[in-house]
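1. Sharing a sequence plus its predicted fold:
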Amino acid sequence: MRETLAAIRKTAADDPARIAISERENEISYGELAKRIAAAAASLSGAPERVGLMMPRDGRAIVADLALASLGRTIVPLPSFFSPEQWQHMIADAQIGALVTTPELAEQLTPFGLPLLHPDETGPGLEVQAESRRIIYTSGTTGRPKGVITSEAAMAASVSALTQAALAGRHDVHLSVLPFSLLLEQLAGIMLPLSLGARLHILADPRSMIEEASAIQPTTSVLVPELLRGWTGWLRARGARAPASLRFVAVGGAPVPQDLADQAWSVGLPVYEGYGLSECCSVVAVNRPGHRRAGTVGRPIEGVHVDLQNGEIVVRGPTVMQGYLGHAPAGGQWRSGDLGRWDDEGNLIVLGRKDDMIITPAGRNIHPEWIEPMLAADPRVERAAAVLGPRGLTAVIVTDQAAPPEGWLAAARRLTTSAPDYARPRDVAVLTGRETAAAGLFTADGRPRRKLIRQHINERHMRFYDALLAATAEARREFLAIPLIAETLAHGVDIELYRDFLRSAYHHVRYTVPLMEAALGKCGNDDDPLAQGLCRYIDEEIGHDSWILDDIAALGGDAETARRARPPLATGVMVAYAFHLIAEDGPYALLGMVHVLESVSAALATQAAKAIQQRLQSGAGFRYLASHGDLDHEHVAGYADLLDAIDTPARRETVIAAAKDYYRLYGDMFRELGAGDRIRHAS
């Protein structure tokens with residue numbers, strides 16, 4: 001860091017008006033940057049030895065960072081994408097004494113009870129140059145990230161090697177896109193350009209990347225595959241090309257699908273794949289201009305040595321971390337846990353994590369990172385992972401788009417045709433971007449947390465029918481506690497009350513088929529499983545309302561009068577609400593009503609029929625009730641299979657919410673009967 005600070009001061013002395021940092025509506029010259037760093041250093045001179053840093057993504061973050069470094073402090077960046085629980089762990093683990101931030105972020109950090117320091121960039125300056133270090137917390141695979149201790153010497157060695165690899169110079173304009181808390185961006189996006197007297201342009205919002213890139217004409221950038229996919233897709237959709245000024249776009253953090261890299265080059269994005277770890281200053285190897293080899297991550301950077309020991313990538317050299325905080329020193333060597341091999345030109349090919357190796361039921365070994373780029377080649381796939389499932393390899397597709405016509409499993413099989421059959425997916429799990437973000441299934445730079453993904457899928461793919469039962473258990477208990485139901489099951493009811501039940505049931509059963517037809521009409525192209533299920537239900541439900549009228553007649557009632565009667569209020573409300581939910585929430589809402597009616601019938605109908613028959617000492621008038629007790633056991637099994645096809649959280653939540661409503665509304669029908677209300681007979 002001292003080298004970067006010295007370079008900034010030299011450029012400030014030689015060419016003070018030269019632009020160092022630009023933003024959409026702001027520029028900082030090298031002369032101004034040097035003054036602001038000195039002023040911030042003076043205002044922070046009383047900071048404890050170890051400080052946490054959380055700043056907005058603008059020039060103030062760079063000034064504060066460099067000021068603390070000039071003071072020789074140990075800097076612990078707090079990633080904005082971490083949770084408060086992770087921040088708390090970092091603060092305790094690193095024994096942070098104060099937090100450097102800005103007033104607008106103070107509210108988030110106040111609960112931690114540490115002094116909050118706000119850099120003052122306008123006061124008198126203090127020019128010092130002490131040795132600093134950083135503790136970078138990796139996102140890891142759990143909620144407790146580990147602190148990587150990185151020395152100033154390691155960072156300087158990395159910046160020097162990256163300068164050579166990228167052929168970087170003072171006339172470069174670097175487009176900074178990644179979070180400043182990532183060590184890769186600190187090194188390649190901040191220290192490197194500022195150490196050369198180049199210009200650094202801060203992109204505040206990735207959504208404006210294309211517009212601002214066109215305006216500033218950058219020469220270099222560092223991206224993760226997800227951002228590369230977005231930029232490439234935008235350009236291809238519009239038949240446009242990237243700024244001709246771009247000459248080097250390094251992409252890392254996760255494997256880059258070959259199809260994506262080819263597409264990027266076709267629209268003018270010069271992609272150079274790289275590989276690295278926070279434990280080794282973020283970059284171990286990278287492709288170079290004029291020497292890119294597709295499918296590889298290039299050669300190790302200057303000064304870094306890579307050995308393959310039993311296939312594992314082992315890194316030696318000055319960029320290796322000092323060690324994890326609280327653990328033994330690394331000793332200048334790091335066993336990466338990644339598997340790799342060399343091509344015939346000395347370029348490194350990364351095969352994936354040792355502990356992520358998938359061993360199929362047939363005993364075949366599959367590297368997930370061999371398959372994942374194939375899955376991610378589809379532009380509709382935001383991210384992809386490969387994990388072991390019950391039947392073999394499971395493709396995890398992250399997308400907010402509907403399934404392709406052939407379905408996601410067929411699409412995953414098609415995308416992996418170049419792999420042998422044993423390495424192609426046997427199953428697929430489709431997740432939304434919001435779902436994966438909420439569950440933290442991928443790191444900030446796009447690496448899949450496969451253990452968490454497997455756990456999430458196992459929990460998520462518990463049969464939805466079982467999950468629905470669990471989610472509606474309280475509503476079901478309230479339904480069964482209705483006095484009339486408990487009394488009927490125990491002692492039966494008199495003939496008049498039973499006829500009233502049939503009259504009320506008729507007025508919702510006669511709407512079963514119309515409701516299903518309404519739901520069928522709301523089905524779209526990606527609702528085929530539901531549409532097919534509804535068609536089966538319609539065929540099975542036709543005529544059930546006639547069974548009820550036959551039962552009423554068998555019990556001495558007037559079936560025609562019952563047919564023409566006005567339905568009870570509770571029954572009419574339930575039917576009207578069902579039509580409303582289908583119209584407002586979509587066709588899946590109907591499955592909530594189906595769940596309530598069929599599960600209640602299957603559980604109670606046979607028992608209720610026997611109790612009522614014993615009370616009335618009659619075998620007539622029970623076709624509808626008795627048949628539904630047996631019939632709906634088969635219906636429930638088919639219903640459970642249909643629920644398994646509901647593969648998005650939003651659709652499942654629609655079913656659960658509707659089922660809770662229908663337990664209440666169906667219960668109101670029995671509460672109304674128990675209160676003595678009777679269907680008014682038409683004259």
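-> Perfect, thanks for sending it. Residues are numbered from 1 along each chain as shown.
2. Toward the C-terminus, what is the element adjacent to the helix or strand where residue 135 lies?
-> Taking DSSP states H and E as the criterion, residue 135 maps to strand 133-137. Once the chain leaves strand 133-137, the next helix or strand it forms, by DSSP H and E, is strand 147-151.
3. And that following strand, how far out from the chain middle?
-> Relative to its chain's centre, strand 147-151 lies at 28 Å (Cα atoms, centre = their mean, to the nearest Å).
4. Find the centremost residue of the protein, please.
-> The centroid of the chain falls nearest to residue 436 when counting by Cα atoms, centre = their mean (1.8 Å).
5. ok, that residue touching residue 397?
-> No. The pair residue 436 and residue 397 fails to qualify as a contact (Cβ atoms under 8 Å) at a distance of 10.5 Å. C-beta coordinates here come from the backbone N, C-alpha and C atoms, glycine included.
6. contacting residues for residue 245?
-> 173, 217-219 (Cβ atoms under 8 Å, 6 or more residues apart in numbering).
7. so where is the stretch 351-500 of the chain shaky, pLDDT-wise?
-> 359-364, 390-391, 403, 405-406, 445, 459-463 (pLDDT under 70).
8. Return the distance of residue 209 relative to residue 511.
-> The gap separating residue 209 from residue 511 is 53 Å, by Cβ to Cβ, to the nearest Å.
9. now residue 322
-> Distance from residue 322 to residue 511, by Cβ to Cβ: 72 Å.
10. on that earlier part again, and the strand holding residue 135, average pLDDT?
-> Mean per-residue pLDDT for strand 133-137: 93.
11. Direction included, what does it pair up with?
-> strand 74-77 (parallel), strand 147-151 (antiparallel) (DSSP bridges).
12. So residue 561 versus residue 669, what's the distance?
-> 20 Å.
13. which one of these two has more residues nearby?
-> The neighbour comparison of residue 561 against residue 669 (other Cβ atoms under 10 Å) goes to residue 669, with 25 against 15.
14. Could you list the buried residues of the helix or strand where the more buried one lies?
-> Taking DSSP H and E as the criterion, residue 669 maps to helix 649-674. Residues of helix 649-674 classed as buried by neighbour count (16 or more other Cβ atoms under 10 Å): 651-652, 654-663, 665-674.
15. For that helix, name the packing helices and strands.
-> Judged by 3 or more Cβ pairs under 8 Å, 6 or more residues apart in numbering; DSSP states H and E, the packing partners of helix 649-674 are helix 464-471, helix 473-480, helix 483-491, helix 495-509, helix 569-585, helix 590-616.
16. Pull out the buried residues from the fourth one.
-> What it means is helix 495-509. Neighbour-count burial for helix 495-509 [16+ other Cβ under 10 Å]: 495, 497-509.
17. Same question for stretch 32-52.
-> 32-44, 47, 50-52.
18. Give the rounded mean pLDDT of that stretch.
-> 94.
19. likewise stretch 267-274?
-> 95.
20. hmm, who's touching that stretch?
-> Stretch 267-274 is contacted by residues 228, 231-232, 235-236, 240-244, 246-252, 256, 261, 264-265, 283-289, 292, 296-298 when judged by Cβ under 8 Å, 6+ apart.
21. show me the contacts for residue 511.
-> 575, 578.
22. and if we set it to 6 Å?
-> Taking Cβ atoms under 6 Å, 6 or more residues apart in numbering, we find residue 511 in contact with residue 575.
23. in the stretch 51-200 of the chain, which spans are helices?
-> 59-70, 84-94, 106-109, 152-166, 183-184, 192-196 (DSSP state H, counting those that start in this stretch).
24. for these, which one sits closest to residue 379?
-> For these, the distance to residue 379 is smallest for helix 183-184, at 25.2 Å, taking Cβ to Cβ.
25. In TSV: the helices and strands packed on helix 649-674, plus distance to residue 178.
-> Shown next, in TSV, are the helices and strands packed on helix 649-674 (distance: least, Cβ to Cβ, whole Å):
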stretch	distance to residue 178
helix 464-471	38
helix 473-480	46
helix 483-491	60
helix 495-509	57
helix 569-585	39
helix 590-616	43
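26. Can you show me the strands along the stretch 351-500 of the chain?
-> 358-359, 365-366, 383-389, 392-398, 427-431 (DSSP state E, counting those that start in this stretch).
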